Structure formats: structure tokens, C-alpha cells
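Trainee: sharing a model that was predicted from the sequence below.
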Amino acid sequence: MAWNARLVAIASLAFAALAGWEAARLPAWSQFDGPGPGLLPQILAALIAVAAIGVLVAPGTGEPEGGNASPLRSRGFLGYAGAMVGVGLALPYLGFGVTGFLATLLVLRVAEGAGWGLALFWSFTLVIAVTLVFGTALGVPFPPGPVERLLAPLGLVRLG
Amino acid sequence: MMEGLLHGFAVLMTVQNVTLCILGAVLGTLVGVLPGLGPATTIALLLPISLKLDPTGAIILLAGIYYGVAYGGTITSVLMRIPGEASSVVTCIDGHAMAKRGRAGAALGIAAIGSFIAGTFGILGVMLLSPPLAEIVIAFGPWEYAALMLAGLSLIAFFAASGIAKAALMAFLGLFLGLVGLDPISGTPRFTFGVPALVDGVNIAPLALGLFGLSELLFLALSKDAKPEILRPPSTMLGFMPNREEWKRSAAPIARGSVLGFFVGLLPGGGAVLASFLSYAVEKRLTRHPDEFGKGAIEGVAGPESANNSGTAGAFIPLLTLGIPANAVTALLLGALLVHGVQPGPMILERQPELYWGVIASMYFGNFILLVLNLPFVGLFVRALEVPRRYMATAILLICAIGTWSVGLNHFDVLMAVVFGFVGFALRRGGFDLGPLVLAYVLGPTLERSLRQALLIADGDVTEVVNHPIALGFLAAAALILLSGMVMRRRPAVVQDGGS
């Protein structure tokens, strides 16, 4: 846990430096309006740096949540992380149907080691279930993709 | 007050609101049963859907999940010695020991009944204390508000299990995130880096879905999909009834747990988890059967289970009357209210009585539903544990994706959710508590507004605070809390070194 905490503290120090630099460009005080938009961000950037140094000095002990093994060596973690990134990048372009199907398939095949039959069946079922519950029943707008463009004229989803 | 409550029941008694209340309570129980999937994750997942509802319906649904979780968490604690969620951790000790002695039914029964009594007591407390508290708070100016929030944040850092430095870092980062976007006073864009989606600030949906939903997904990926060993719950309702001796021994712990939990729930950073631990410590000290503690003492179940439920109810007072959330879950509830354009605070009773009383009435109703549903359906809820991880995890991924998209309808929010997912994972691996971050993020804009208004009125003179005794009191309390937190953190190490 100590190593992970120190890593977070170093990242926070970098964040504080960037935030402080950006905040310094904003007026902290104005003669007429009083406290400006830069006042609190400047104070907070300094406080983030102080707290990060505190964590660097006393990062805590114990096993990190999820165990000591490196997540980067876990096939399951890499599969899920890859699916998350894939969804983040592809959702607005491929729409929910295609992206959701491919992401579920990737997770089940790569991360969970499921067979093709089960992976295909569950990916298909889950995408249909989420589309019907969120898109059709709750009227949540869906990102426009090939599947959504086919379903929209049928009134099953609303494009957003 | 009775008039208000009747109005609340009138608001609740629509098909939509009753359905939402039952749905929230059942979902909450289910979430409580499933280890790992906590109330914050579930509320984050449902946040985008709740935006489709009216504010009252949305809060009835989300609040139902919050107090339902405390019921559900008991089931796995007693039958498996695995807490479904944090406030049921202590129940594992004596609850599971009772189950192993063949008294699983009595443990679950007394937990449900104690929870119902304590929950009802807590709601009554919310009803009785909120209006007078609102009357007091209504006189608060910007100095008092800013100082109150600082005191609240200090308490959160004090109670954080991760330690003051880590909690403070999370709180400062959260406050900073809350400041991104157009400055509310001058209209200057801050930290937007030319991204139009950031002009309105960091949206709560990608933040909550990423930090709680997607980070949980990554932890699920690391966990092993083992088949849990579950002790059998009773098959008849009579099997859940404690015997005469158990009733006698449980009465006082339920009463003490109800009162203690309620007041702990009021504190920012307090809530159900701390309430249950404190109640266990109190019962252990007061019991006439100290030798039984840890081996199946019913007091160790009745007290903490009552305390965590009244603590959950108590947390609604600072949320509704001060607009200050007590923990991460109520911070998400506050976030949902703010997205709906509702600003909780002392004026809520006057401006949105239907929301306030509707939520109170739904809590009474939801508490009753939980008692009625919980015991007969224990077996059914336990079966949820047999659902393989892969089905739950993939569903979380797709719900997070569509949930994030539906709120802002832009690519940037989806990318932000993914980034926050990895950030949440890294923070939790480092032993950081995400609660202070979300709380401070929600409080950030209000704290800044109050602070700047106060400084503007005082012409930049910080010493003006001495003319505001209430604010000064809050600030002194904040300083005292932080100082004592630092001293108390050091003490165990000294004791250990001393070998005592």
C-alpha cells in the first residue's frame, strides 16, 4: 500500500504544480470585486502540495486493496481495463449496440476465459436487455451508431 | 408537523413513488447482500436514471437504496461471515457465531426488528430535529456557512480510516475539482483548457460512475470467483423469532444503539459504519455476559444493527437542513438534488415541502417494507450471491457507459468516467478513502461562494471573523478536531512501543 500511496502523492504533487501554475494566471483579488476566481484555487494548490508531502512522509502500511499481486500481470484486470478504454473511445462513433457487444465479448473471452458460445450469448443478451430497459423503457438517449440508427425509426431508442 | 407528514404520505402515495420506494429498498437489500457492490456504487449507477425522474421520485429511489443496504449487509455477515457492506462488519463477529450455533434465524430476526425500531426512531428524530435546526441555520451568513463547511470537512478527515493526511489530500483534490468551470461570480473560465464540456464544471455522473462504478469493476477483475460457503437460513417465519431470553437481552442494546447511532449519524464523516462500531464497543463494555462476546452474544448483533440504521436516518438531517452531506452516499444524494436544481438547506422546508415530507414519508414506508420483505425472502436474496462475477461486472460496465453518455451526451464525459475509473482504482490501492473527495467536490462551489461573499463583505479583512462568534466556534472546533486527530493517530504507536 505504501508504494501505491507514494505514487498517488507524487501524482498529486505534479497536479498541485500544474494547478498552481494555472491558478496563478487568474486574479486572486480585485480592487472592486474583492476575492477573485484565482484565490481559492491558489490556496488549494498549496494545500494539495502540503497534504501530498504528508502522505509521502507517512504513506501507511498494510496490504493494498485487491491484494499484493501487480494488476498489470492479471489477465482479468487487463481484459477489463482494455474493455473500459475501448468503450470510452468507441462509444460515440460505433454507438452502444456495437461497442457494448464487443466490450462484453472481450471481457468474457479474454478476462474471464469463457467459451465462444457463452460469450456470444451473454454479450447479445446483455446489450438487448440494457437497450430495452434504458433505451426503450426509460427513454435514455443513446449514442448514434449503426444499430441505434436501425432501432430509432422503430421507436425502440432515442438518439442523443 | 403531523400536517407535513400527512402531506408527505399524500406525495408518496402515487403508483410511481410507491414503486420507486419499494424498488429502492429491494435494490438496497440486494446491494447489501453482494460483497463489494456498495451503496455508493449503486447510487452512482442509478444517478443518470434518477435524472429522468422528478426530484422527489429520484431521492425516494436513491434514499431507499441507502437505508436498504444496512438491512441487506446483515444477511451475509450472519450466514457467511462476509460483510455485504461496511456497516455490517461487526455483525460478522457475533452474528456468524450465533449462526454456527444454530441461531441464524434469531440473529437475522433481531437484526431486522432492531433495524426497524432504530430506523423508525431515526426518522422520528429527523422529523423532530430538522425544523428547529433549519430555524437556527436560516440566520447563518456567509461566514457561518463557510466555517460550518470547514468544520464538517475537518470531521470527515478526523473519522477517515485512511488517516488525516490522506483524507485531507482527498478533500483538497475534491474541492479543486468542484471549482472547475465558469467562476460563478466573475464568469471567468477556470481550468477548462478550452474544452467546452468543462465550462459547466466536472459533471457528477462521470465522476461518481468512474470513481465508484468503474473502479469497482477493476477490483472485481482482480478478485477470485469462488463459490461462497453459506449457512442455511430458517425455512419458516417462526425460525426468525428470538426466544424470551434473547428478547430480554436485546431490548436495551436496541434502545442504546438507536440513540447512539442517530447522533453519530448527524456528524459529517460519522454515519452508519462508525455508529455500528461504537455501539459494539458500548455493548461489549456494558454486557453482563462478557465471556459470550465474540462467541455469539446477541447484544453484539442487536446494538450495532440498530445503530447503523438510525445512523443512516440521522445522516439525512445535515443533508436536508444544512446541505452538508455526512458521507459519500449522502454526497451523491446531494449531487442528484443539485442536478435537479434543488438546493438543500434551511429553506427546503418552505420552498420544497413536498420533497422534504415526501422523503420522510418514504423512509417510514421503506423501513416497513424492508421489515416485511427481508425475513421471508432471505433465501432469495442469498441466491444473488451465486450469480457469477462476469455477469455482474459486464452489466456494470455497460450501465456505466450508457449512464455517462445519457447525462451530458458528449464524448468527453465518457472519457472522463474512464479516467476517473482508473484514478479511483489507484486511490483505493493506495489506501485512500474516496468519501472525502466526493464530499468536498459537492461542497466546493458552496464553500467558495460563502468564503468569497464573506471576504467581499468584510473588504478582504479575515479578522472580521472574530465578530461572528458562531463562525469562530466552528473554526475553533475544526482546529481542535484536526489537532486531536493528529495526536490520536500517534498514540497507538506509542502504546505499542511501550509494550502495554
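Mentor: Alright, I've got the coordinates. Numbers count the residues shown, from 1 in each chain, chains lettered A, B, ... in the order given.
Trainee: give me the phi and psi angles of B:Asn327.
Mentor: Torsion angles at B:Asn327 (phi, psi; degrees, to the nearest 10) stand at phi -160, psi -180.
Trainee: what about it, neighbour count?
Mentor: B:Asn327 has 30 neighbours, counted by other CB atoms under 10 Å in any protein chain shown. Backbone N, C-alpha and C define where each C-beta goes, glycine included.
Trainee: you'd agree it is up against B:Gly435?
Mentor: Yes. The pair B:Asn327 / B:Gly435 is scored as a contact, 5.7 Å apart, by CB atoms under 8 Å.
Trainee: what about B:Lys166, how many residues close to it?
Mentor: So B:Lys166, with other CB under 10 Å, has 28 neighbours.
Trainee: so it, which of the three states?
Mentor: helix (DSSP: H, G, I helix; E, B strand; the rest coil).
Trainee: ok, it to B:Ala157 distance?
Mentor: Look at B:Lys166 and B:Ala157: by CB to CB, to the nearest Å, they are 9 Å apart.
Trainee: same check on B:Ile113?
Mentor: 36 Å.
Trainee: those two: which is more packed in?
Mentor: Set B:Ile113 next to B:Ala157 and count neighbours by other CB under 10 Å: B:Ala157 wins out with 28 against 21.
Trainee: ok, the more buried one - contacts?
Mentor: B:Ala157 makes contacts with B:164, B:167-168, B:171, B:269, B:436, B:481-482, B:485, as judged by CB atoms under 8 Å, 6 or more residues apart in numbering or on different chains.
Trainee: report the entries of those that also contact chain A.
Mentor: B:164, B:168 (CB under 8 Å from any CB of the partner chain).
Trainee: out of the contacts of B:Ala157, who's nearest A:Ala5?
Mentor: B:Ala167 (12.4 Å; CB to CB).
Trainee: surely the closest one touches B:Asp433?
Mentor: Yes. Contact criterion CB under 8 Å: B:Ala167 and B:Asp433 qualify, at 6.1 Å.
Trainee: hey, what's in contact with both of the two?
Mentor: Common neighbours of B:Ala167 and B:Asp433 (CB under 8 Å, 6+ apart) are B:Ala160.
Trainee: export stretch B:75-90 as PDB, just CAs?
Mentor: C-alpha atoms of stretch B:75-90 as PDB (Å, rounded to 0.1, in the frame of the first residue of the first chain):
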ATOM      1  CA  ILE B  75     -27.600 -11.300   5.800                       C
ATOM      2  CA  THR B  76     -24.100 -12.200   4.500                       C
ATOM      3  CA  SER B  77     -22.500 -11.100   7.800                       C
ATOM      4  CA  VAL B  78     -24.600 -13.700   9.700                       C
ATOM      5  CA  LEU B  79     -24.700 -16.500   7.200                       C
ATOM      6  CA  MET B  80     -21.300 -16.300   5.600                       C
ATOM      7  CA  ARG B  81     -19.100 -14.100   7.900                       C
ATOM      8  CA  ILE B  82     -18.600 -11.800   4.900                       C
ATOM      9  CA  PRO B  83     -20.000  -8.300   5.400                       C
ATOM     10  CA  GLY B  84     -22.100  -7.300   2.400                       C
ATOM     11  CA  GLU B  85     -21.200  -3.700   3.200                       C
ATOM     12  CA  ALA B  86     -19.000  -1.800   5.700                       C
ATOM     13  CA  SER B  87     -21.700  -1.000   8.400                       C
ATOM     14  CA  SER B  88     -22.300  -4.800   8.900                       C
ATOM     15  CA  VAL B  89     -18.600  -5.600   9.600                       C
ATOM     16  CA  VAL B  90     -19.100  -6.000  13.300                       C
END
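Trainee: and that stretch with chain A, contact?
Mentor: No. For stretch B:75-90, no contact with chain A is found by CB under 8 Å from any CB; the gap never falls below 12.7 Å.
Trainee: quick one: that stretch to chain centroid distance?
Mentor: With CA atoms, centre = their mean, to the nearest Å as the basis, stretch B:75-90 stands 17 Å off its chain's centre.
Trainee: before we move on, back to that, neighbour count for B:Ala167 and B:Asp433, which is higher?
Mentor: Neighbours per residue (other CB under 10 Å) separate B:Ala167 from B:Asp433, with B:Ala167 holding more: 27 against 22.
Trainee: now that one: how far from B:Phe140?
Mentor: 25 Å.
Trainee: buried ones in stretch A:22-41?
Mentor: Neighbour counts using 16 or more other CB atoms under 10 Å in any protein chain shown place A:22-23, A:26, A:34-41 of stretch A:22-41 among the buried residues.
Trainee: cool, stretch A:74-91 as well?
Mentor: For stretch A:74-91, by 16+ other CB under 10 Å, it's A:74, A:76-77, A:79-81, A:83-88, A:90-91.
Trainee: now do stretch B:189-209
Mentor: For stretch B:189-209, by 16+ other CB under 10 Å, it's B:189-192, B:197-198, B:201-209.
Trainee: among those, give me the pair with the biggest separation.
Mentor: Largest separation among the buried residues of stretch B:189-209 by CB to CB: B:Pro189 and B:Leu209, giving 24.6 Å.
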